[in-house]
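Enquirer: sequence and predicted structure, then a few things I'm wondering about:
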Amino acid sequence: MKIKRIDVLCVLLFFSGLITVQAKNKIKEIETLEALVQLASKNGQQIRMKPGVYDLADFLNSERITKLLAELPAQTEQQKRPPRWFLRFSGNNNTFDFTGVTIEIDTKLYKELPYGYMRCLFIDGNGNTLKGLTIKNTGSPDIGSNGNILSIFGNNTLLEDFMLYVSGSSYGYGDLFGKGGPVLTTLQKQSGIMVAGQNNILRRCKVFSRAFGHCFYIQTQGHDTRDIVLEDCYAEGAMRTTDDILAERGGLAEKLNYRSVYKNRDGYYIISPGYTKSLSEDGFRTYGGVGKVTLRNCIAKNTRSGFEIGGTIDALNRTELQGCQGIGTERAFLLGSNVLVRNCRGDIQYGPLLYLRENTIGTDVELELIPSVPKSLVHTIATIAGKNHRIRLYTNDSKINTPALPIMLGFGMPAHAEMSSAIRPMETENIMLINELENKLIIKNDEAKNLDIKSISPELKNSEVKMMSGRGKW
């Protein structure tokens, strides 16, 4: 039986196509940062890097730095802080397997790129998957970049199992000397992971910060930033008591005469004893203008805010927190508008469980208080202000006693969320508060309107408390 010519042609085309598919699916093995840079700008690849420690300082010789400076966006009047990077992932639809790989970034390298906003690893391609990478800062712990270690600007990015060990910045005092302004000293902030763009997912990523900066933060940066998901991610900072800072001799605190940019309860701009500060910024932070964000089963430990959610008045852009925990933070949850919180928990070791901001609308919160005893001064379980909120506070272990701190309804967080500052009444209206915490007095702002309170603990108006205590402020 003769085989028709057309049948032979079909068979050849089939095997040709199969070979093409296999070639496309072939994993490219690399073992140098030079090879990584070359491939990171191309499309449709599977890349695996040889396990090991790669020192960025060894890679960035004078020739490569000159080339890099020529590639970076120019500083212009319109863009005074363009992105600057050491490694850029501008290609699309690539998969990078970094399992067993550590990249070390010496802080001395920051001065090699003299302008713009540092984004050490910059992912602006679309449809990329990166997994398994460890990044460590080395060199002087006092040098920060005023930027971050990793930025995602592209869309449809999947980041899995990344570990960041961040150091640098004016470290050791938290935000006592300022943050956005005014400031008493040069901060040289150093943050971990920043996310912009659309449909980006981070899973099982961890940031251990020993720098003044955010661990994870989500911003627009001129992008339409929305549909961001962080799952099983972990942020960790470190704590220091203000007593320890006040006892310091020969350091920055003494040089600045133990001043702070924040007015304390006595009206002085000095560091107050008795409190505990996080030396980093927030564990998880979202800024205004960001669209829908979901944080699922994430943990923040020893950070300033565990979860500081900017929130927007546009309910379509609601932020959802599910199964998240704030442990040993200055405040576990600091929330804006249109935030949904479910199955989340926090403690009061160093600060309140909740600040619900003034001038916010439509947040729905259910928070579990983890039984704990404050290790330094804590003045309240929660402050609640704004409009049209529903708040439920509860514990799953009522047998363990916690201090009888108040829930302050109709009060804003202290200025700049600094605990040594006074807690003041704020405009508050249409609030449903369900308090299932025993021995937690509710103090109500006399001017608050339309309060629906269901509580197993007593309620008092602020005027009544003032009369009993003889004090006019918290």
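Expert: Everything's here; your move. Since this is a predicted model, take the numbers as computed values, not measurements. Residues are numbered from 1 along each chain as shown.
Enquirer: N92: what's it in contact with?
Expert: 43-44, 125-128, 154 (Cβ atoms under 8 Å, 6 or more residues apart in numbering). (Each C-beta comes from the backbone N, C-alpha and C, glycine too.)
Enquirer: let's see it at 7 Å
Expert: Residues in contact with N92 (Cβ atoms under 7 Å, 6 or more residues apart in numbering) are 43, 125-127.
Enquirer: which one of the residues you listed is nearest T95?
Expert: For these, the closest approach to T95 (Cβ to Cβ) belongs to G127, at 9.7 Å.
Enquirer: quick one: contacts for the closest one?
Expert: So G127 contacts 92-93, 156 (Cβ under 7 Å, 6+ apart).
Enquirer: now do the buried residues in stretch 197-204.
Expert: Across stretch 197-204, burial judged by 16 or more other Cβ atoms under 10 Å covers 197-198, 200-204.
Enquirer: what do you get for stretch 405-425?
Expert: Within stretch 405-425, the residues that count as buried by 16+ other Cβ under 10 Å are 405-414, 417-425.
Enquirer: measure that stretch end to end?
Expert: In stretch 405-425, first residue to last residue: 17 Å (Cα to Cα, to the nearest Å).
Enquirer: same thing with stretch 392-404?
Expert: From its first residue to its last, stretch 392-404 covers 17 Å (Cα to Cα).
Enquirer: what residues does that stretch touch?
Expert: 365-369, 371-374, 382, 407, 434-441.
Enquirer: following the lengthiest strand in the chain, which helix or strand comes up?
Expert: Longest strand of the chain, by residue count under DSSP state E: strand 95-106. Going down the chain from strand 95-106, the next helix or strand is strand 117-123, by DSSP states H and E.
Enquirer: taking strand 95-106 as reference, get the angle to that following strand.
Expert: Relative orientation of strand 117-123 versus strand 95-106 (axes from the mean of the first three to the mean of the last three Cα atoms, to 10 degrees): 150 degrees.
Enquirer: so what are the sheet partners of strand 117-123 and their directions?
Expert: strand 83-84 (parallel), strand 87-89 (parallel), strand 147-152 (parallel) (DSSP bridges).
Enquirer: the helix or strand just after that strand versus strand 117-123: what angle between them?
Expert: Counting by DSSP H and E, the next helix or strand C-terminal to strand 117-123 is strand 129-138. Angle, strand 129-138 to strand 117-123, by the same axes, to 10 degrees: 140 degrees.
Enquirer: quick one: contacts of strand 129-138?
Expert: Residues contacting strand 129-138 (Cβ under 7 Å, 6+ apart): 95-99, 101-107, 149, 158-168.
Enquirer: same question for stretch 235-247.
Expert: With contact meaning Cβ under 7 Å, 6+ apart, stretch 235-247 is reached by 172-173, 207-210, 215-216, 253, 258, 271-280, 283-284, 300-303, 328, 350, 376.
Enquirer: restricting to C-alpha, output it in CSV.
Expert: What follows is stretch 235-247, C-alpha atoms only, in CSV (Å, rounded to 0.1, in the frame of the first residue of the first chain):
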residue,chain,number,x,y,z
ALA,A,235,6.4,40.5,57.8
GLU,A,236,8.7,40.9,60.8
GLY,A,237,10.4,43.8,62.4
ALA,A,238,12.0,44.4,65.8
MET,A,239,10.9,46.4,68.9
ARG,A,240,12.7,48.7,71.3
THR,A,241,11.5,50.5,74.4
THR,A,242,11.6,54.3,74.6
ASP,A,243,13.2,53.8,78.0
ASP,A,244,16.1,52.1,76.3
ILE,A,245,16.3,54.9,73.8
LEU,A,246,16.3,57.5,76.5
ALA,A,247,19.1,55.7,78.3
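Enquirer: in that stretch, what's buried?
Expert: Judged by neighbour count using 16+ other Cβ under 10 Å, the buried positions of stretch 235-247 are 235-242, 245.
Enquirer: could you report the separation of L340 from I309?
Expert: Separation of L340 from I309 (Cβ to Cβ, to the nearest Å): 10 Å.
Enquirer: next: D282.
Expert: The separation that D282 has from I309, given Cβ to Cβ, amounts to 10 Å.
Enquirer: coming back round to it: nearest to Y262, of the buried residues of stretch 197-204?
Expert: Checking the buried residues of stretch 197-204 against Y262 by Cβ to Cβ gives L202 as the nearest, at 32.3 Å.
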